[in-house]
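1. only the shape, not the letters, is given here:
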């Protein structure tokens, strides 16, 4: 049965805020505002809490941030109580954690679940937002805060004939709640991004035959997942506060030691030894802890790519398959680097076949399988591991319309323009947690989420204290920040990859770098300084809340409007 709270439709007067989403961001945002005395209600499309981890139930779904970091820091008692058993938590473990937090803080009562938001519209006269769900629930609020995640709108390519397939079709981002049994099945997986790389080894262990349809080979690093040593856990918990502080000041939200070495300034044998040690340690040590210039310098980057190619040759026994698995069209690390468990080894299994769609393109989905230029592969199940319309897709899908009815999708037709990834000019009182233009997907998400939630809640408290009821990013500040995000990215190799970081996986989507690559520590200091300077780059204004909306008279008074 759906977990559904009573709709706020009948409440007298507008809410202070509505929160859209009930994952890490939505849970903390609602809790924080409620604790600060704001009237707030949340809406969640799923029938329970969890956000990304409610939907992503595919086989092998696992976080690529270690369990020590992938949790809330604002609950110090819980971080001592919660068991740290496995290095990388799987989907069921993360969902249990979020469900526990929701119950511990009694948050479910203030959410409406099973409520897909289809319209969020601003009334400039009343200075209020009205939200509507597909089932007709409505809420009116002064502020709208989006907590919809960066990877929550599934990308389902429009393959010719997809509707004709008579077998079972699944998408990794919309997985059914009940487990899927692949025993004895002929399974095809389309896509080898992060979700495909996690799912493929698990499905291969169950299916009679697995065919992987790969468009672009990916660099992937072993996770080296496993149980955590009890003594290590005790030591970690004894120093949790310090580790949290270091994470907030780090580049990626995880306090890995960062190398200051260039990959080009050490002898070949020493460089290989450093790569070997990082490969054996597993996780993002390989990306962050080897050499400082891997994502800045093409020659340095080539040394990392060649090392991974050599590991593929060592692991995969068929040289032809190994060659197909080697990424050659983009620099190492410029697409998301998945962490895997036995991914390359999976292609040594006799029941696994790799199809390179660059050599034999996919022509259509048929009633009985997938047809490429080389022929038809008959299948019982097709798994679409085709990723997401990242960062912008979840926001544009809410039906947001700002001042003068302008749609957010129209405002972003040439690419997203935000100030700090938090606000959009022309959309007053709309605040976007981990929106485009913030570190978001280039960081350990709970760290970036907590920073945004705390900044937003402190901002709303400041507005209340100042008697202000509207905050809006200025055009000047937005233009500066949007350019700055692209300039920082241009100092790296990231833009050289046709990645979802660039919006390149969605036909017609503008090509520009979506997250902020400057690091979470640097970004936090920028946001803190903006607030300390009286919310520089925002226009704040006030109105007589008691009568202006009802009378239709504009009695606002500008408090601050800086560029």
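-> Great, that's in hand. Here the structure is a predicted model, which is why all the values come from computation and not from measurement. Residues are numbered from 1 along each chain as shown.
2. check whether residue 181 sits in a helix, strand or coil.
-> coil (DSSP: H, G, I helix; E, B strand; the rest coil).
3. could you find the closest non-adjacent residue to it?
-> By the measure of C-beta to C-beta, 6 or more residues apart in numbering, the closest residue to residue 181 outside its immediate chain neighbours is residue 206, 7.3 Å from it. Bear in mind the C-beta positions are built from the backbone N, C-alpha and C, glycine included.
4. can you count the residues close to the one you found?
-> 16 (other C-beta atoms under 10 Å).
5. now do residue 343
-> 24.
6. just to check, it is in contact with residue 220?
-> Yes: with contact defined as C-beta atoms under 8 Å, residue 343 counts as touching residue 220 (5.5 Å).
7. which neighbours do these two share?
-> Residues touching both residue 343 and residue 220 by C-beta atoms under 8 Å, 6 or more residues apart in numbering: residue 197.
8. stretch 335-343: end-to-end distance?
-> Chord length of stretch 335-343, first to last residue, is 17 Å (C-alpha to C-alpha, to the nearest Å).
9. related to what we said a few turns ago, let me know the pLDDT of the residue nearest to residue 181.
-> What the model reports as pLDDT for residue 206 is 97.
10. and it, backbone torsions?
-> The phi/psi pair for residue 206 (degrees, to the nearest 10) reads phi -110, psi -40.
11. these two touch, right, it and residue 183?
-> Yes: counting by C-beta under 8 Å, residue 206 touches residue 183, with 5.6 Å between them.
12. on that earlier part again, list the contacts for the residue nearest to residue 181?
-> 59, 181, 182, 183, 185.
13. neighbours of the third one, how many?
-> Spelled out, that is residue 182. Neighbours around residue 182, by other C-beta under 10 Å: 21.
14. list the helices and strands the longest helix along the chain packs on?
-> Across the chain, the helix with the greatest residue count (assigned by DSSP state H) is helix 445-466. Other elements packing on helix 445-466 under the criterion 3 or more C-beta pairs under 8 Å, 6 or more residues apart in numbering; DSSP states H and E are helix 24-35, helix 240-249, helix 520-532, strand 538-542.
15. most tightly packed of those?
-> Burial of the helices and strands packed on helix 445-466 is given as mean neighbour count (mean count of other C-beta atoms under 10 Å); helix 24-35 ranks first at a mean of 25.
16. average pLDDT for that one?
-> Helix 24-35 comes out at a mean pLDDT of 98.
17. partner strands of the helix or strand following it, with direction?
-> Later in the chain than helix 24-35, the nearest helix or strand by DSSP states H and E is strand 40-43. Sheet pairing here is set by DSSP bridges, and for strand 40-43 it gives strand 15-20 (parallel), strand 111-112 (parallel).
18. do you know which of these lies nearest residue 523?
-> strand 15-20 (22.1 Å; C-beta to C-beta).
19. tell me what angle the closest one forms with helix 445-466.
-> Using axes from the mean of the first three to the mean of the last three C-alpha atoms, to 10 degrees, the inter-axis angle of strand 15-20 relative to helix 445-466 is 170 degrees.
20. got a list of contacts for strand 15-20?
-> Contact with strand 15-20 is made by 8, 26, 29-30, 33, 38-44, 117, 120, 129, 131, 139-148, 398, 460, as judged by C-beta under 8 Å, 6+ apart.
21. one more time with 6 Å
-> 26, 29-30, 33, 38-43, 117, 131, 139, 141-148 (C-beta atoms under 6 Å, 6 or more residues apart in numbering).
22. could you turn the buried ones of these into a ChimeraX selection?
-> This is how ChimeraX selects the buried members of those, with burial counted by 16 or more other C-beta atoms under 10 Å:
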select :26,29,30,33,38,39,40,41,42,43,117,131,139,141,142,143,144,145,146,147,148
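23. show the contacting residues for residue 238.
-> Per C-beta under 6 Å, 6+ apart, neighbours of residue 238: none.
24. mind checking which of the strands paired with strand 40-43 is nearest residue 525?
-> For residue 525, the closest of the strands paired with strand 40-43 is strand 15-20, at 26.1 Å, according to C-beta to C-beta.
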